[in-house]
Structures are given as C-alpha cells and as structure tokens.
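Participant: Kindly generate the corresponding structure for this input.
(2 chains)
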Amino acid sequence: DTAVSQTPKYLVTQMGNDKSIKCEQNLGHDTMYWYKQDSKKFLKIMFSYNNKELIINETVPNRFSPKSPDKAHLNLHINSLELGDSAVYFCASSQAGSNEKLFFGSGTQLSVL
Amino acid sequence: DAKTTQPTSMDCAEGRAANLPCNHSTISGNEYVYWYRQIHSQGPQYIIHGLKNNETNEMASLIITEDRKSSTLILPHATLRDTAVYYCILNAGGTSYGKLTFGQGTILTVHP
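Facilitator: You can find the predicted model right below:
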C-alpha cells in the first residue's frame, strides 16, 4: 500500500485552465503539506494543514486553494493556470509531534502550455 | 533556520562507505540536523536526524561534531540505488509545522 498517494502523476494543460491534484495518506497522520519543486529543483513548502486547519500559507497566490475534506486528504486546486505554475508538486504528511519527519508522495508533474 | 553548505556532487564506489559532509556553522542550540534524499523522479525520503549525539538507523549513521558546526551522513555500504540528491536541513522542530528548507543538496553518484 502506498503511504502517500497523489493523482495524477502527470498533468498537461493550457494556460487559463483550472485543475486539481488529489492527495491521500493512509498513515493516520494529522498534518499534510503541499510542496513545490521548480525547474531549478528547489523544493519549497506551499501549505501545511493540521487536522484540516490551515497552518502555513507561504505567500502562495490565491489562485492556489488547498482543500482538506478530512485528515487523510489534502487536495490542491489551481485556478487560471499560468506558465510559471509548471513544476512538480509534492504532497506529504507527518505525525503530530514529529512534524519534521515527512512522508512524501511521488509527485505530480504539471506542465502548463 | 540557519543555513547549511554541502558539496555540489560526490562519487562513491558500490559497496564502499559514502560520507556526505554538511557545514552548519551558524546552527542554533535548538536546531536539529535532518537528512533527506531524493531519488530521481521520486519524492524526498527522510533518512535520519539528530541534535547533538550521533545517531544510527537502518539506513544510515549521522555524526555531529561536538561544536555542532558540521555533520556527516554515512551510508555504510553504498549501492547503486543510493544514487540520489542528499539534503542536509536544519530545523528547530516544534512549531515549524513541517516547514523544511531544502537547499541544493549533494548529488551522490554510486558507480559499479
């Protein structure tokens, strides 16, 4: 069983479209995250959710809206996609009290044309 | 969080120990040293972390100098599957809520 799974793995879309990436974890963790890895391979946190509440929002444009229907899911909706949104997006989760030991998904490669 | 410095790349022969250094001369007293790695086309993977004592787990050993200004990650018997980018990260834990600051890391290439 995959601990942190995200879909789709690849997403190719046109500028201006709206798209979603889904993430699910079966580890029973309380905290979930979205990280972005740009073309230069730098990984940066976007959002952190703890028990479905937003904890960290790293000055991400409001075109990006995370939604956590329950503790096991954290989906990422992106409106009005721009060329600069092309990147690999990673979902992750961690256990309360051990928030720096993250378990990452395998990533979603988003290409905006 | 304080900054870390790692070599851009390193090579290691399969079966030998891989020793990956990390400098963190401005580390604060409450900052842990974390190591993650990212194998090509995969998400980052936690390896090990420590505060001031040396640590060992099934994946690796972490040696932290007494003054805590540098550390070394040791993969005792490197395999081809250990080829990856290795990140040394400082984090105070607690209220960071999983905000890890990834640098450029060290590209480790294990060759036959």
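Participant: shouldn't A:W34 be in contact with A:A87?
Facilitator: No - between A:W34 and A:A87 there is no contact under Cβ atoms under 8 Å: 11.0 Å. No exception for glycine: its C-beta is placed from N, CA and C like everyone else's.
Participant: These two - which one has more neighbours?
Facilitator: Relative neighbour count places A:W34 above the other of A:W34 and A:A87, with 26 against 20, counting by other Cβ atoms under 10 Å in any protein chain shown.
Participant: if I look at the residue of chain B found nearest chain A, how far off is B:I89?
Facilitator: Chain B approaches chain A most closely through B:G43 (3.1 Å), counting by Cβ to the nearest Cβ. Separation of B:G43 from B:I89 (Cβ to Cβ, to the nearest Å): 15 Å.
Participant: Touching, B:H49 and B:E31? I think so.
Facilitator: No - between B:H49 and B:E31 there is no contact under Cβ under 8 Å: 10.5 Å.
Participant: Quick check: nearest residue in space to the residue of chain B closest to chain A, chain neighbours excluded?
Facilitator: Excluding the flanking residues, the one nearest B:G43 by Cβ to Cβ, 6 or more residues apart in numbering or on different chains is A:F104, at 3.1 Å.
Participant: middle-most residue in chain A, spatially?
Facilitator: A:W34 (3.1 Å; Cα atoms, centre = their mean).
Participant: helix or strand for that residue, which one?
Facilitator: Assigned by DSSP states H and E, A:W34 belongs to strand A:31-37.
Participant: I'd like to know which elements that strand is packed against.
Facilitator: Applying 3 or more Cβ pairs under 8 Å, 6 or more residues apart in numbering or on different chains; DSSP states H and E, one finds that strand A:31-37 contacts strand A:19-25, strand A:43-50, strand A:73-78, strand A:87-94.
Participant: what's the closest residue to B:D82 other than its chain neighbours in contact with, if anything?
Facilitator: Once flanking residues are discounted, B:D82 sits nearest to B:V110: 5.1 Å by Cβ to Cβ, 6+ apart. Neighbouring residues of B:V110 by Cβ atoms under 8 Å, 6 or more residues apart in numbering or on different chains: B:D11, B:C12, B:A13, B:E14, B:A18, B:A78, B:T79, B:L80, B:R81, B:D82, B:T83.
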